[in-house]
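Asks: next come a sequence and a model predicted from it.
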Amino acid sequence: MLEIYKHALEERGIEPGRVEKFVYIDDGRYYRPGARIEVDVYIHDGKTYLLEVKPRAELEDVEWFYEKAQIVEKILGRKADKLIIVAVNIDREELERAEKLGIDAIYGAVIE
(Lines give C-alpha, C1' and ligand atoms only; values in the text may rest on other atoms or scores of the structure.)
Protein backbone atom coordinates (compact mmCIF):
# COMPACT_ATOMS: atom_id res chain seq x y z
CA MET A 1 0.00 0.00 0.00
CA LEU A 2 2.97 2.33 0.47
CA GLU A 3 3.50 2.38 -3.29
CA ILE A 4 -0.02 3.82 -3.75
CA TYR A 5 1.03 6.86 -1.72
CA LYS A 6 4.59 6.99 -3.06
CA HIS A 7 4.42 10.66 -4.06
CA ALA A 8 3.05 11.78 -0.68
CA LEU A 9 5.72 9.78 1.15
CA GLU A 10 8.51 11.12 -1.06
CA GLU A 11 7.31 14.68 -0.33
CA ARG A 12 7.96 13.88 3.34
CA GLY A 13 11.45 12.58 2.57
CA ILE A 14 10.59 8.87 2.68
CA GLU A 15 11.59 6.35 0.01
CA PRO A 16 8.81 3.71 0.11
CA GLY A 17 11.15 0.98 -1.15
CA ARG A 18 13.43 1.47 1.88
CA VAL A 19 10.75 1.22 4.55
CA GLU A 20 11.34 -1.87 6.68
CA LYS A 21 9.07 -3.89 8.93
CA PHE A 22 10.15 -3.78 12.59
CA VAL A 23 8.89 -6.66 14.73
CA TYR A 24 9.69 -7.11 18.41
CA ILE A 25 8.32 -9.77 20.76
CA ASP A 26 8.35 -8.20 24.19
CA ASP A 27 9.67 -10.04 27.21
CA GLY A 28 7.83 -7.66 29.53
CA ARG A 29 10.54 -5.04 29.58
CA TYR A 30 8.70 -2.47 27.45
CA TYR A 31 5.06 -3.54 27.32
CA ARG A 32 3.83 -7.00 28.34
CA PRO A 33 5.36 -10.47 27.98
CA GLY A 34 4.68 -12.05 24.61
CA ALA A 35 3.26 -8.88 23.05
CA ARG A 36 4.13 -8.49 19.38
CA ILE A 37 5.11 -4.91 18.59
CA GLU A 38 5.06 -4.32 14.83
CA VAL A 39 5.55 -1.08 12.94
CA ASP A 40 7.12 0.11 9.69
CA VAL A 41 10.38 2.03 10.12
CA TYR A 42 12.33 4.30 7.79
CA ILE A 43 15.75 5.55 8.92
CA HIS A 44 17.69 7.95 6.69
CA ASP A 45 20.26 10.68 7.35
CA GLY A 46 19.97 10.13 11.09
CA LYS A 47 16.19 10.64 11.09
CA THR A 48 13.72 8.00 12.21
CA TYR A 49 10.18 7.77 10.84
CA LEU A 50 7.61 5.33 12.22
CA LEU A 51 4.70 4.39 9.96
CA GLU A 52 1.44 2.55 10.49
CA VAL A 53 -0.33 1.29 7.36
CA LYS A 54 -4.07 0.52 7.45
CA PRO A 55 -6.81 0.10 4.86
CA ARG A 56 -9.04 2.19 7.16
CA ALA A 57 -7.74 4.12 10.15
CA GLU A 58 -10.13 3.99 13.09
CA LEU A 59 -9.78 5.59 16.51
CA GLU A 60 -8.23 2.53 18.16
CA ASP A 61 -5.70 2.35 15.30
CA VAL A 62 -4.61 5.95 15.87
CA GLU A 63 -4.46 5.55 19.65
CA TRP A 64 -2.58 2.22 19.48
CA PHE A 65 -0.10 3.57 16.92
CA TYR A 66 0.70 6.50 19.21
CA GLU A 67 1.20 4.18 22.19
CA LYS A 68 3.13 1.66 20.10
CA ALA A 69 5.41 4.42 18.77
CA GLN A 70 6.38 5.35 22.33
CA ILE A 71 7.23 1.70 23.04
CA VAL A 72 9.30 1.40 19.83
CA GLU A 73 11.18 4.60 20.71
CA LYS A 74 12.22 2.99 24.00
CA ILE A 75 13.25 -0.24 22.25
CA LEU A 76 15.31 1.64 19.63
CA GLY A 77 16.70 4.08 22.17
CA ARG A 78 15.82 7.06 20.00
CA LYS A 79 12.89 9.42 19.52
CA ALA A 80 11.05 9.24 16.22
CA ASP A 81 11.35 12.39 14.14
CA LYS A 82 7.91 11.79 12.64
CA LEU A 83 4.93 9.50 13.11
CA ILE A 84 2.91 8.82 9.96
CA ILE A 85 -0.29 6.85 9.53
CA VAL A 86 -1.05 5.76 5.96
CA ALA A 87 -4.64 4.76 5.19
CA VAL A 88 -6.93 4.41 2.21
CA ASN A 89 -9.76 5.82 4.35
CA ILE A 90 -9.75 7.68 7.65
CA ASP A 91 -12.72 8.92 9.66
CA ARG A 92 -12.88 12.69 10.32
CA GLU A 93 -12.70 12.14 14.10
CA GLU A 94 -9.62 9.93 13.76
CA LEU A 95 -7.92 12.44 11.48
CA GLU A 96 -8.46 15.17 14.08
CA ARG A 97 -7.19 12.88 16.85
CA ALA A 98 -4.08 12.04 14.83
CA GLU A 99 -3.38 15.75 14.36
CA LYS A 100 -3.73 16.37 18.12
CA LEU A 101 -1.26 13.55 18.81
CA GLY A 102 1.24 14.94 16.29
CA ILE A 103 0.71 12.09 13.82
CA ASP A 104 0.93 13.02 10.15
CA ALA A 105 -1.82 11.31 8.11
CA ILE A 106 -1.57 10.26 4.47
CA TYR A 107 -4.93 9.07 3.17
CA GLY A 108 -7.11 8.60 0.14
CA ALA A 109 -10.43 9.79 1.57
CA VAL A 110 -11.91 11.21 4.76
CA ILE A 111 -15.08 9.46 5.89
CA GLU A 112 -17.56 11.89 7.42
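Replies: It's in.

Asks: Trp51: neighbouring residues, count only.
Replies: Just to correct that, residue 51 is Leu rather than Trp. The burial count assigned to Leu51 is 25, neighbours taken as other CB atoms under 10 Å. Any C-beta I mention is one placed from the backbone N, CA and C, and that applies to glycine too.

Asks: now the helices: where do they sit in this protein?
Replies: Along the chain, the segments classed as helices by DSSP state H run 6-11, 59-76, 92-100.

Asks: among those, which gets the worst mean confidence?
Replies: Note on these: helix 6-11 shows the lowest mean pLDDT, a mean of 91.

Asks: helices and strands of this protein: which one bottoms out on pLDDT?
Replies: helix 6-11 (a mean of 91; mean pLDDT, DSSP states H and E).

Asks: flag every buried residue along that one.
Replies: By 16 or more other CB atoms under 10 Å, the buried positions in helix 6-11 come out as 8-9.

Asks: how far does stretch 9-26 sit from the chain's center?
Replies: 9 Å (CA atoms, centre = their mean, to the nearest Å).

Asks: ok, now stretch 40-55?
Replies: In terms of CA atoms, centre = their mean, the gap separating the centre of stretch 40-55 from the centre of its chain is 7 Å.

Asks: now the end-to-end length of it.
Replies: Counting by CA to CA, to the nearest Å, you get 15 Å between the two ends of stretch 40-55.

Asks: still on that earlier bit, residues in contact with the least confident helix or strand of the chain?
Replies: 2, 15-16, 84, 86, 106 (CB atoms under 8 Å, 6 or more residues apart in numbering).

Asks: same thing but 6 Å
Replies: Residues outside helix 6-11 that contact it (CB atoms under 6 Å, 6 or more residues apart in numbering): 16, 106.

Asks: distance to Val41 for the helices of the chain - can I get that in JSON lines?
Replies: What follows is those, written out as JSON lines (distance: least, CB to CB, whole Å):
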{"stretch": "helix 6-11", "distance to Val41": "13"}
{"stretch": "helix 59-76", "distance to Val41": "8"}
{"stretch": "helix 92-100", "distance to Val41": "18"}
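
Asks: no further questions, thank you.
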